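In: Have a look at this fold, sequence not included:
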Ligand SMILES: Cc1ncc(COP(=O)(O)O)c(C=O)c1O
């Protein structure tokens, strides 16, 4: 045990506290205007995202899960269809496919933690309608490979970019490659609000029209109900917070990339550990480091040592990739994902960490390997 201050895996109060006055004045302004549902703040935030991503349509919705469900419905995916999705993802990706009446088919992962294009191709059947790449940990998949498969087999690409706002592959933003792309603004996301929030983007006018109707009770611009819809609107209050935070989003991303560089410099010599691709490893990829997910042969002992030293870590999805959820009817075991989940965990990654915090995490890891040899 050490007497050094603890470093939690995430730190909501610290992130709020460093900009408390400005955040409170954003909230106060919305409350004073009484602007709660689909007001100017939602539109302003949608406009800012539209310009940033260079897409035709952006819709703020209730959360990243509803974004996927609405996107799939708007793109016409439903009963009888299969959608290929990685097993290394949050249950929400697969659940959204199930909830629109289609079948999620699980693919294995590549060494960069993303969906493996060869595995995707091996899962295609005559029922396959779409591939759902998950832009995981703030990285965008190699979309050349996936777009080539989609083209060859006439499939749609529908992107779960919940973890990857701002991430790029060959200068194109995660979320903008397919029929639609989705984002989550869950509080721990790189762009997070004070509750649930999400967005859907599309360049397809018809898909956009469908999304607009679906998220607001099927109502058109005049308030007339013209289709079946639901209530899945981004709260205006959350939109105001997101719009405010989005103004400094570039700095947020740069700081995360800097933290990734410190981890990489300090940990890359350790044989037991595999690190994710570094920020400067490949000019085709621009990663925003939603998470810093590493592998370690001695994972459980290393996590315990970090915990004994006050350092919080996590295993993504509570340690369970989607294929392991046999209760949901999955029967196959993608071998690379299965092996990865014996070794993976995440180090702290957020902008309340100082350089000294990150260095201390690295020092504690080095100390572990000095002890175990
Ligand atoms: C990969 C992925 N997909 C979907 C979601 C669902 O987003 P939300 O929690 O906003 O519903 C999340 C995040 O939480 C996620 O990480």
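Out: Received it, and whenever you're ready, just let me know what you need. Only a predicted model underlies this, so the values are computations on that prediction, with no experimental measurement involved.
In: Could you report the distance from the spatially most central residue of the chain to residue 252?
Out: In the chain, the centroid-proximal residue (Cα atoms, centre = their mean) is residue 163; its distance is 1.4 Å. Applying Cβ to Cβ, to the nearest Å, the value for residue 163 to residue 252 is 14 Å. Where you see a C-beta, it was placed from the backbone N, CA and C, and this is true even at glycine.
In: now the strands for the stretch 101-250 of the chain?
Out: Residue ranges of the strands in the stretch 101-250 of the chain, as given by DSSP state E, counting those that start in this stretch, are 103-107, 128-131, 156-160, 168-169, 172-173, 180-184, 198-202.
In: buried sites along stretch 46-58?
Out: 46, 48-49, 53, 55, 57-58 (16 or more other Cβ atoms under 10 Å).
In: Show me the two of these that sit farthest apart.
Out: 48 and 57 (14.0 Å; Cβ to Cβ).
In: near the ligand, which residues of the chain show up?
Out: Neighbours of the ligand within the chain, by Cβ under 6 Å from any ligand atom: 63-65, 89-90, 92-93, 134, 160, 162-163, 184, 186, 196, 198.
In: Please narrow those residues to those residing in helices.
Out: Counting by DSSP state H, the residues of the chain next to the ligand place 64-65, 92-93 in helices.
In: Between the residues you listed, which sits nearest residue 214?
Out: Among those, and counting by Cβ to Cβ, the member closest to residue 214 is residue 65, at 13.9 Å.
In: In space, what's closest to the closest one - neighbours in sequence excluded?
Out: residue 92 (4.2 Å; Cβ to Cβ, 6 or more residues apart in numbering).
In: who's in contact with that neighbour?
Out: 64-65, 68, 160, 162 (Cβ atoms under 8 Å, 6 or more residues apart in numbering).
In: want to throw those into TSV with neighbour count and pLDDT?
Out: Compiled in TSV, the contacts of residue 92 are given as follows (neighbours: other Cβ atoms under 10 Å; pLDDT from 0 to 100):
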residue	neighbour count	pLDDT
64	26	98
65	24	98
68	31	98
160	30	98
162	30	98
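In: could you check the distance from residue 358 over to the ligand?
Out: Applying Cβ to the nearest ligand atom, to the nearest Å, the value for residue 358 to the ligand is 23 Å.
In: Report the secondary structure state of that residue.
Out: helix (DSSP: H, G, I helix; E, B strand; the rest coil).
In: Which strand or helix spans the nearest residue to it once chain neighbours are set aside?
Out: Closest residue in space to residue 358, ignoring its immediate chain neighbours: residue 262 at 4.6 Å, by Cβ to Cβ, 6+ apart. Using DSSP states H and E, residue 262 sits in helix 249-267.
In: For that helix, which residues meet the burial criterion?
Out: Buried residues in helix 249-267 (16+ other Cβ under 10 Å): 249, 252-253, 256-257, 259-260, 262-264, 266-267.
In: any idea of the mean pLDDT in that helix?
Out: Averaged across helix 249-267, pLDDT comes to 98.
In: Packing partners of that helix?
Out: Secondary-structure packing of helix 249-267 (3 or more Cβ pairs under 8 Å, 6 or more residues apart in numbering; DSSP states H and E): strand 292-296, helix 355-372.
In: Show me whatever sits in contact with both of residue 163 and residue 252.
Out: Counting by Cβ under 8 Å, 6+ apart, the residues touching both residue 163 and residue 252 are residue 190.
In: In a helix, residue 345, correct?
Out: No: with three-state DSSP as the criterion, residue 345 is strand rather than part of a helix.
In: Model confidence for it, exactly?
Out: At residue 345, pLDDT is 98.
In: For the ligand, what's the nearest residue on the stretch 1-150 of the chain?
Out: Here the stretch 1-150 of the chain gets closest to the ligand at one residue, residue 64, 2.5 Å apart by Cβ to the nearest ligand atom.
In: How much space separates that residue from residue 187?
Out: 12 Å.
In: where exactly do the helices run in the stretch 201-350 of the chain?
Out: Assigned by DSSP state H, counting those that start in this stretch, the stretch 201-350 of the chain shows helices spanning 205-215, 236-246, 249-267, 299-308, 335-340.
In: Taking the contacts of residue 92 together, which two end up most distant?
Out: Longest distance between any two of the contacts of residue 92 is 9.8 Å, between 65 and 160; criterion Cβ to Cβ.
In: Let me see the contact set for residue 350.
Out: Counting by Cβ under 8 Å, 6+ apart, residue 350 has contacts 10-11, 15, 188, 256.
In: Just the buried ones from the residues you listed?
Out: 11, 15, 188, 256.
In: Out of those residues, which is nearest to residue 37?
Out: Of those, the one sitting nearest to residue 37 (Cβ to Cβ) turns out to be residue 188, at 25.4 Å.
In: hang on, isn't residue 188 packed against residue 10?
Out: Yes: judged on Cβ atoms under 8 Å, residue 188 makes contact with residue 10 at a distance of 5.5 Å.
In: Leaving out sequence neighbours, find the closest residue to residue 191.
Out: residue 165 (5.4 Å).
In: And for the one you found, the neighbour number?
Out: 28 (other Cβ atoms under 10 Å).
In: again with the one 4 residues further on
Out: The criterion is other Cβ under 10 Å. On that basis, residue 169 has 22 neighbouring residues.
In: Fine by me, thanks again.
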